[in-house]
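Peer 1: no sequence on this one, just coordinates:
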């Protein structure tokens, strides 16, 4: 009598049954962040993401068609989270003019506890200085949007009589964005640095004192 064949579990393929689409996307994004941080864009393949997420390549493709789409979604989600936290702090500061810039200190303080996302940002931002990098457009949009918000805050402050009419809003925006990016790099690489928020608060306060009406 022939021995009964042992039944081997089939490999996962396609969309997992019963999986909640939103929760599964979040899981994929969270797994992908670690890979991109550790290996950079060029060191990560979709097969690695699928394996890390517990999916087959076909299952992963149901949520993200390629690596560029996946990376863009991760970076934009980070910006959405930051914007949400900034708005929350901004509401607490009554949400107008220079108070919007002051509220950035709260966002910086929050990011001190988000080192994984900071590492992703600094890794991808560095790589995206290459014109051919898929995150290049995201990096430009990220900086332009942040600078536009700061410029608008300066313009509101001028109308309210808080800032001098000749305050260089473009320069203020660029200096503050440069500070935000530079502080993250230092915070991640220098264990002796205990706070980014204090440094940002010092700079923004000095700029205000220099150009206040």
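Peer 2: Arrived safely, thanks for sending. Note that the structure is predicted; figures quoted are calculated from it, not measured.
Peer 1: what about residue 21, how many neighbours?
Peer 2: By the measure other C-beta atoms under 10 Å, the count of residues near residue 21 is 10. All C-beta spots, glycine's among them, are computed from the backbone N, C-alpha and C.
Peer 1: not counting its neighbours along the chain, what's nearest it?
Peer 2: residue 63 (7.6 Å; C-beta to C-beta, 6 or more residues apart in numbering).
Peer 1: my guess is that neighbour contacts residue 24, does it?
Peer 2: Yes - counting by C-beta atoms under 8 Å, residue 24 is a contact partner of residue 63 at 6.5 Å.
Peer 1: neighbours around residue 118, how many?
Peer 2: 20.
Peer 1: hang on, isn't it packed against residue 186?
Peer 2: No - between residue 118 and residue 186 there is no contact under C-beta under 8 Å: 10.8 Å.
Peer 1: just want the most central residue of the chain.
Peer 2: residue 78 (3.2 Å; C-alpha atoms, centre = their mean).
Peer 1: which residues touch residue 193?
Peer 2: Counting by C-beta atoms under 8 Å, 6 or more residues apart in numbering, residue 193 makes contact with 186-187.
Peer 1: following the longest helix anywhere in the chain, which helix or strand shows up next?
Peer 2: With secondary structure taken from DSSP state H, the chain has its longest helix at helix 67-92. As assigned by DSSP states H and E, the chain's next helix or strand after helix 67-92 is helix 98-102.
Peer 1: where does residue 43 sit: helix, strand or coil?
Peer 2: Put simply, residue 43 is coil when judged by DSSP: H, G, I helix; E, B strand; the rest coil.
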